[in-house]
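Enquirer: Next one to model:
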Amino acid sequence: MLTPEQLAEFPQYIEDLFLDYEEFVIKDFSRRVAEAGRVTDTAKWQARRASEWGASRKAIDAEAKRVLRLSGKGVSNILTDAFNLSNAADYNRYRGAGLLVDRAISSERLMRYLEAAIKQTNGTMQNITGTMGFVTGRNGRTQSLSSAYTRALDLAQLQVSSGVLDYNTAIRNAVKTLADSGVQYIDYENGYHMNIGSAARMCTLSGINQMAARMNDQICDDLGLDLVEVTAHAGARPSHQVWQGGIFSRSGKSDKYEDLYAATGLGTAGGLCGAFCRHNYYGYLEGSPRTWTPEKLANIDPPPVVIDGKEYSFYDLTQKQRDMERQIRATKRELIGYDEIPEMRDEFVSASIRLNRQRRRYEEFSEKAGLPTKPDRTQEYKYGRSISTKAVWANRKGA
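Expert: Numbering: from 1, shown residues only. Predicted coordinates:
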């Protein structure tokens, strides 16, 4: 059994790697679109166009391979750590309940679940890098990296060469459009998309959760336990609040407890152990002390808070904070892009001032909400000291 707090921490390294990759793409794009805008002769641009994208594609593919090598090792280490932590927690829990758990914990079948989870999770990581793109326009149009790059390069060259826009405006629009989107994982079958950092986080969390669920079921089978207790945490999404901390029957044959699958949606993307879910479950022996009593569950969230005349539930506070974090990351992506282009100094200063305001609002809101700030959620992975220092000084000069 893994706690919600442990599940929240495990994916961070993998998410950071993919945000590092996103930064590489934004830098590469910004540098090349700036060059495209400088070529005002259409014939020269047509001759250069194919080679420009080819060089970019080669660089992006090489970076993707580097990230996948690192994430492959990271996934193996993370899932192994999760496996060991879950086993240790289960051993203590079941021994404390007087159950003979040694044989169940050391089962070779559990190791096979670990091996399968590592293989499946790494395969999903490869899928993420294979279906990347941007989401642009008011209607959220999805474009592959290739389409987005070539279209932006052509548009920048055309707008400047034809005099429709001046160089700085054309390049700023291009950089801001893709910075606002960020690099997205796109499921082209259903049009679903999400930032590649979030996709990597979801993939890692799902791999851990599904492995833990299989382990829990196997141990419960070996111990002859039908009942399970689900973990709980503050700030759970409303659809999960109704079943977190409860006791359920795996077989669905209990007259006293609800069916685990029907009640929690276990096995579905939106249910227990699904996408971004930090809940797990473990075997429960009838009559044992409950971890989560009805009283504890009723008071698991802090009371609502009124900020600027609006009342927020604890869940709504966390969602508002996540939204502010996303805005900060988008502005940092702009700074990363502008930093690659000498002509974009004014734009860099303007974005630096905006970033400082966003940070202040974020810190003020978090303080009023009683929430800790989360630097890891507002940090582009390699948004390092160099650009950060430039942004601070740009803000001071522009203020």
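
Enquirer: What residue spans form the domains of this protein?
Expert: Listed by automatic domain parsing, the domain ranges of the chain are 4-213, 225-301, 305-398.

Enquirer: if I look at the residue lying farthest from the centre of the chain, how far off is residue 236?
Expert: Largest separation from the mean C-alpha position in the chain: residue 43, at 42.7 Å (C-alpha atoms, centre = their mean). Residue 43 sits 60 Å away from residue 236, going by C-beta to C-beta, to the nearest Å. Placement of C-beta: from N, CA and C, glycine included.

Enquirer: Quick check: chain neighbours aside, which residue is closest to residue 109?
Expert: In space, and not counting its chain neighbours, residue 109 is closest to residue 218: 5.7 Å by C-beta to C-beta, 6 or more residues apart in numbering.

Enquirer: ranges for the helices of the stretch 101-250 of the chain?
Expert: For the stretch 101-250 of the chain, the helices defined by DSSP state H, counting those that start in this stretch cover 102-105, 108-130, 145-162, 167-181, 196-223, 238-241.

Enquirer: Counting neighbours, what do you get for the closest residue in space to residue 117 that isn't next to it in sequence?
Expert: Among residues not flanking residue 117 along the chain, residue 211 sits closest, at 3.8 Å (C-beta to C-beta, 6+ apart). Residue 211 has 25 neighbours, counted by other C-beta atoms under 10 Å.

Enquirer: Residue 211: what's it in contact with?
Expert: 79, 82-83, 113-114, 116-117 (C-beta atoms under 8 Å, 6 or more residues apart in numbering).

Enquirer: one step back: how near is the residue nearest to residue 109 to residue 306?
Expert: Residue 218 is 48 Å from residue 306, by C-beta to C-beta.

Enquirer: between those two, which one's more packed in?
Expert: residue 218 (16 against 9).

Enquirer: Hmm, that one is touching residue 112, no?
Expert: No. Assessed by C-beta atoms under 8 Å, residue 218 is found out of contact with residue 112, at 9.7 Å.

Enquirer: quick check: longest helix of this structure.
Expert: In the chain, ranked by residue count with DSSP state H as the criterion, the top helix is helix 42-96.

Enquirer: counting contacts, what elements does that helix pack onto?
Expert: In terms of contacts (3 or more C-beta pairs under 8 Å, 6 or more residues apart in numbering; DSSP states H and E), helix 42-96 is packed against helix 12-38, helix 102-105, helix 108-130, helix 145-162, helix 196-223, strand 281-283.
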